[in-house]
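# Need coordinates for the following:
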Amino acid sequence: MSPALALLFDGCRAVLSGDQVGIARLRAAGFVCATAAWQFRLPALHAYLMTRLPPGERVDYPGFLRELYASDLNARLGELGAEVAIVDNLGKVNASLYCLRSCEKIERNAAADVFGDP
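Residues are numbered from 1 along each chain as shown. As a prediction, this is how the structure comes out:
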């Protein structure tokens, strides 16, 4: 995992665990953020991450997108019961709104109660 994506994953873990210092840092950077929820646009996310990395580990925006799309970030987040998803698809990667969200699994019996499965 690249340094930028490792930093992103660490930030996601902090948000998911309710780390108030990490959440406050993200809010101070202009993100909408709360325990287990973080909204961002990719250009702002990239800019934020690059300010937190040493110069030798920074990557330009197109490189960041390549790393992000080739990564297993959502698989790793899935192990924590979360995912990055599109909140508002505006037809362009740079304009769309994304979020980190918790994805709690529903037990089969609970799903049967809700959806009427036998």
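# Do a quick rundown of the helices in the protein.
For the chain, the helices defined by DSSP state H occupy 3-17, 20-28, 42-51, 61-70, 73-79, 108-115.
# okay but Ala14 is in contact with Ile23, surely?
Yes: if you go by Cβ atoms under 8 Å, Ala14 and Ile23 touch, sitting 7.3 Å apart. C-beta coordinates here come from the backbone N, C-alpha and C atoms, glycine included.
# out of those two, which sits in the busier spot?
Ile23 (21 against 18; other Cβ atoms under 10 Å).
# Give me the pLDDT for the spatially most central residue of the chain.
Central residue of the chain (Cα atoms, centre = their mean): Leu100, 3.9 Å from the mean position. Leu100 is assigned 96 on the pLDDT scale.
# is it in a bridge, and if so with what?
Counting by DSSP bridges, Leu100 is bridged to Trp38, Val84.
# remind me which residues of the chain are low pLDDT?
104-118 (pLDDT under 70).
# what's the closest of the helices of the chain to Ala34?
helix 20-28 (6.7 Å; Cβ to Cβ).
# and the angle from the closest one to helix 42-51?
120 degrees (axes from the mean of the first three to the mean of the last three Cα atoms, to 10 degrees).
# Show residues contacting helix 20-28.
Gly11, Ala14, Val15, Cys33, Ala34, Thr35, Trp38, Tyr48 (Cβ atoms under 8 Å, 6 or more residues apart in numbering).
# Give me the buried subset of those.
Gly11, Ala14, Val15, Cys33, Trp38, Tyr48 (16 or more other Cβ atoms under 10 Å).
# how much space between the residue lying closest to Ala4 once chain neighbours are set aside and Leu68?
Once flanking residues are discounted, Ala4 sits nearest to Leu49: 5.1 Å by Cβ to Cβ, 6 or more residues apart in numbering. According to Cβ to Cβ, to the nearest Å, Leu49 stands 10 Å off from Leu68.
# For the residue nearest to Cys12 when sequence neighbours are not counted, give its distance to Gly56.
Among residues not flanking Cys12 along the chain, Leu100 sits closest, at 5.2 Å (Cβ to Cβ, 6+ apart). Plainly put, Leu100 is 27 Å away from Gly56 if you go by Cβ to Cβ.
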